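A.B. asks: here is my input, please return the structure:
(2 chains)
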Number of protein chains: 2
Amino acid sequence: MEKTFIFGHKNPDTDTITAALAYAHLKNELGADAEPVRLGEVNKETQYALDYFNVKAPRLIETVPENSDVILVDHNEFQQSVNNINNARIVEVIDHHRVANFETKEPLYFRVEPVGCTATILKKMYQENDVAITKEIAGLLVSAIISDSLLLKSPTCTQEDIDAAHELAKIAGVDLEKYGLDMLQAGADLSDKTMAELISMDAKEFDMNGSKVEIAQVNAVDTSAVLAHQAELEKEINHTIERKNLDLFLFVVTDIINNDSDALALGKAKDNIEKAFDVTLENNRALLKGVVSRKKQIVTSLTETF
Amino acid sequence: MEKTFIFGHKNPDTDTITAALAYAHLKNELGADAEPVRLGEVNKETQYALDYFNVKAPRLIETVPENSDVILVDHNEFQQSVNNINNARIVEVIDHHRVANFETKEPLYFRVEPVGCTATILKKMYQENDVAITKEIAGLLVSAIISDSLLLKSPTCTQEDIDAAHELAKIAGVDLEKYGLDMLQAGADLSDKTMAELISMDAKEFDMNGSKVEIAQVNAVDTSAVLAHQAELEKEINHTIERKNLDLFLFVVTDIINNDSDALALGKAKDNIEKAFDVTLENNRALLKGVVSRKKQIVTSLTETF
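C.D. replies: Now for the predicted structure:
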């Protein structure tokens, strides 16, 4: 039996890493030979969850062996996937994002549901397949829901996510609120990050009607401390725009306590931000009141304007 | 509550029509307001099934109202969908084909499984939702499986399709073999078709690495009778190539008794047929031994060569 590689998106977040780990575990329990892998560094938030539940991070890869069977979790757009995705055979996709820039030659198992987190779908798949969710797996999955929903506060969070989070917290033996805030705060510690790291640690690139848009997001307890370095951030962002030939780079600093976001926009299409959010950019910045979700609040509104 | 429109692909076949009918029935049983519609004429095979189970065909539409909620069944590629698909909000996809040329702004429920027929997935969804499958719905669904699998003989047919077909035939109260052959033969009656109808009644357009390829397929008991009119067929095909600016038009006549196909290829990329199937075109024609499935045997091999 050929090994199947399971991975989430580049610039992995907690949902991406834990989805690869959990789905590989489920697949292996069902008799497959699956290896979870990752396409980038583990962030502090994810590391907190891994340490807490004593689970090793998946192996880092840059490419998959030619013609490998692969399963994409927590993403489907090729520009967010492994570099040589066009030389792999995609056998499954488990995701909760919009579908775009994806194509296969053959039919596959493609499961996307409009929930807040891949973990919520995976929890259901454990149950559909009558495989018990261990304490560790439950811990990983609940961490992913906390991460993607900012502790159940994001508008992407559905009742199904909420129910799953409570059920998984119980199996994992953690207090959802206490563990959740600790984990988010571990991730919001940006003190040791360089400017280049801040704008790339959770960055995703999107094709919006032919325009290239990159959106980076970081969580923070004190957003103004992050944006105090605006001049240096802009220098790094302009480098990235030039190198990748982007039309727009949007850097979003999300306040995990008040659930707003501070946005910094650069690039020739930056006016689209004003249209999308009905704000005026001042010194390239705007406060996006109540905006915390890249997927549901930012990508959706921004795509409309392109 | 806004009405949701449910439809399959253009040039509807039995799986597309019955999937729209069955899924709308399931959705309505679950409290939605869904209307099955169709994007083209009902073929003789499908009409046979509808008449047998005394079910009315869905309403014919050309476009959906602007910003409608829609559910795509049995297809996902936009060029096979309703003309104004870009102005609709796709809330779900239930399909069993490759995924390509599909994009949404928002997350959705997207369920594609590598089985032989949409009906097999729908049967499972009835069961997942604890909704009883009526005699009529069972009849429609088993007709779709028979149609897409050429009575369980196509390489696209999986064990899940076979099991579903037997179970559904029982609920529908039909003998699978007898009913299946009668239905296929009703569909293979091409006696009243014009040349233009023959090449368009089950035609699908594909984008293959930038090339435009149209593949039309008809079932026949006597394939040579169909291809006796080759000169007239070629005239019609060349019209279509010119009008749609196609690189390749492949007309496939499938022998439902022996399970081979006679192919007629025109267009500037017709050499790709020789590469894809390791055959030599003579007088633009070749016998494709054992080839019955457009999806699994034709599109896959042909996409490789582009």
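
A.B. asks: for residue A:276, phi and psi?
C.D. replies: phi -70, psi -40 (degrees, to the nearest 10).

A.B. asks: and the nearest residue to it once chain neighbours are set aside, how many neighbours?
C.D. replies: Spatially, and ignoring its direct neighbours in sequence, residue A:276 is nearest to residue A:301 (4.2 Å; C-beta to C-beta, 6 or more residues apart in numbering or on different chains). Bear in mind the C-beta positions are built from the backbone N, C-alpha and C, glycine included. By other C-beta atoms under 10 Å in any protein chain shown, the residues close to residue A:301 number 18.

A.B. asks: can you tell me the helix or strand for residue A:301?
C.D. replies: Following DSSP states H and E, the helix or strand that holds residue A:301 is helix A:300-305.

A.B. asks: go on, residue A:145?
C.D. replies: helix A:135-149.

A.B. asks: how about the contacts made by the closest residue to residue A:229 other than its chain neighbours?
C.D. replies: Of all residues not flanking residue A:229 in the chain, residue A:195 sits nearest, at 6.2 Å (C-beta to C-beta, 6+ apart). Contact analysis of residue A:195 by C-beta atoms under 8 Å, 6 or more residues apart in numbering or on different chains lists A:229, A:232-233, A:235-236.

A.B. asks: list buried members of these by neighbour count.
C.D. replies: Neighbour-count burial (16 or more other C-beta atoms under 10 Å in any protein chain shown) applied to the contacts of residue A:195 gives A:233, A:236.

A.B. asks: can you name the residue of the stretch 201-306 of chain A nearest chain B?
C.D. replies: Nearest to chain B in the stretch 201-306 of chain A, going by C-beta to the nearest C-beta, is residue A:303, at a distance of 4.8 Å.

A.B. asks: quick one: contacts for that residue?
C.D. replies: A:206, A:208-209, B:105.

A.B. asks: all strands for chain A, in order.
C.D. replies: Applying DSSP state E to chain A gives strands spanning A:4-7, A:34-38, A:59-60, A:69-73, A:89-95, A:109-112, A:203-208, A:211-220, A:248-255, A:261-266, A:285-288.

A.B. asks: worst average pLDDT in those strands?
C.D. replies: Sorting the strands of chain A by mean pLDDT places strand A:203-208 lowest, at a mean of 92.

A.B. asks: just checking, residue A:49 touches residue A:139?
C.D. replies: Yes. Contact criterion C-beta atoms under 8 Å: residue A:49 and residue A:139 qualify, at 6.9 Å.

A.B. asks: shared neighbours of the two, anything?
C.D. replies: Counting by C-beta under 8 Å, 6+ apart, nothing touches both residue A:49 and residue A:139.

A.B. asks: ok, residue A:294 touching residue A:214?
C.D. replies: No. Using C-beta under 8 Å, residue A:294 and residue A:214 do not qualify as a contacting pair, with a distance of 11.2 Å.

A.B. asks: what do the two both touch?
C.D. replies: residue A:204.

A.B. asks: chain B contacts on the stretch 51-200 of chain A?
C.D. replies: By the rule C-beta under 8 Å from any C-beta of the partner chain, the part of the stretch 51-200 of chain A lying against chain B is A:96-114.

A.B. asks: among those residues, name the buried ones.
C.D. replies: For those, a burial check counting by 16+ other C-beta under 10 Å picks out A:96-100, A:102-108, A:110-114.

A.B. asks: and the contacts of stretch A:179-189?
C.D. replies: So stretch A:179-189 is contacted by A:14, A:43-49, A:52, A:142-143, A:146-147, A:150-151, A:169, A:218-221, A:256 (C-beta under 8 Å, 6+ apart).

A.B. asks: ok, now stretch A:145-154?
C.D. replies: Under C-beta under 8 Å, 6+ apart, the answer for stretch A:145-154 is A:13-15, A:45-46, A:49, A:116-117, A:119-120, A:156-157, A:161-162, A:164-165, A:168, A:176-177, A:179-181, A:183-184, A:187, A:219, A:254, A:256, A:259, A:292-293, A:296.

A.B. asks: of these, buried ones?
C.D. replies: Buried among those (16+ other C-beta under 10 Å): A:13-15, A:45-46, A:49, A:116-117, A:119-120, A:156-157, A:161-162, A:164-165, A:168, A:176, A:179-180, A:183-184, A:187, A:219, A:254, A:256, A:259, A:292-293, A:296.

A.B. asks: what's near enough to touch the residue lying closest to residue A:302 once chain neighbours are set aside?
C.D. replies: Spatial nearest neighbour of residue A:302, excluding adjacent residues (C-beta to C-beta, 6+ apart): residue A:276 at 4.7 Å. Residues near residue A:276 by C-beta under 8 Å, 6+ apart: A:298, A:301-302, A:304-305.

A.B. asks: with distance to residue B:86 as extra columns, can I get these in CSV?
C.D. replies: Output for the contacts of residue A:276, formatted as CSV (distance: C-beta to C-beta, whole Å):
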residue, distance to residue B:86
A:298, 21
A:301, 18
A:302, 17
A:304, 13
A:305, 16
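
A.B. asks: rewinding a little: show me which of the contacts of stretch A:179-189 are buried.
C.D. replies: Of the contacts of stretch A:179-189, these count as buried by 16+ other C-beta under 10 Å: A:14, A:43-49, A:52, A:142-143, A:146-147, A:150-151, A:169, A:218-220, A:256.

A.B. asks: chain center to stretch A:60-79, what's the gap?
C.D. replies: On the basis of C-alpha atoms, centre = their mean, to the nearest Å, stretch A:60-79 sits 15 Å off its chain's mean C-alpha point.

A.B. asks: give the buried subset of the contacts of residue A:303 as a PyMOL selection command.
C.D. replies: The buried residues among those can be selected in PyMOL (16+ other C-beta under 10 Å) with this line:
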select buried, (chain A and resi 206+208) or (chain B and resi 105)
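
A.B. asks: output the contacts of residue A:303 as JSON lines; include the columns distance to residue A:78.
C.D. replies: Formatted as JSON lines, those follow (distance: C-beta to C-beta, whole Å):
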{"residue": "A:206", "distance to residue A:78": "12"}
{"residue": "A:208", "distance to residue A:78": "15"}
{"residue": "A:209", "distance to residue A:78": "17"}
{"residue": "B:105", "distance to residue A:78": "18"}
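
A.B. asks: closest one to residue A:282 out of the contacts of residue A:303, please.
C.D. replies: Comparing the contacts of residue A:303 against residue A:282 with C-beta to C-beta places residue A:208 closest, at 23.9 Å.

A.B. asks: wait, which of the strands of chain A is closest to residue B:202?
C.D. replies: For these, proximity to residue B:202 was assessed by C-beta to C-beta; strand A:109-112 is nearest, at 24.1 Å.

A.B. asks: elements contacting the closest one?
C.D. replies: strand A:89-95, strand B:109-112 (3 or more C-beta pairs under 8 Å, 6 or more residues apart in numbering or on different chains; DSSP states H and E).

A.B. asks: need those in a markdown table (columns: distance to residue B:57).
C.D. replies: A markdown table is the format used below for those (distance: least, C-beta to C-beta, whole Å):
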| stretch | distance to residue B:57 |
| --- | --- |
| strand A:89-95 | 34 |
| strand B:109-112 | 25 |
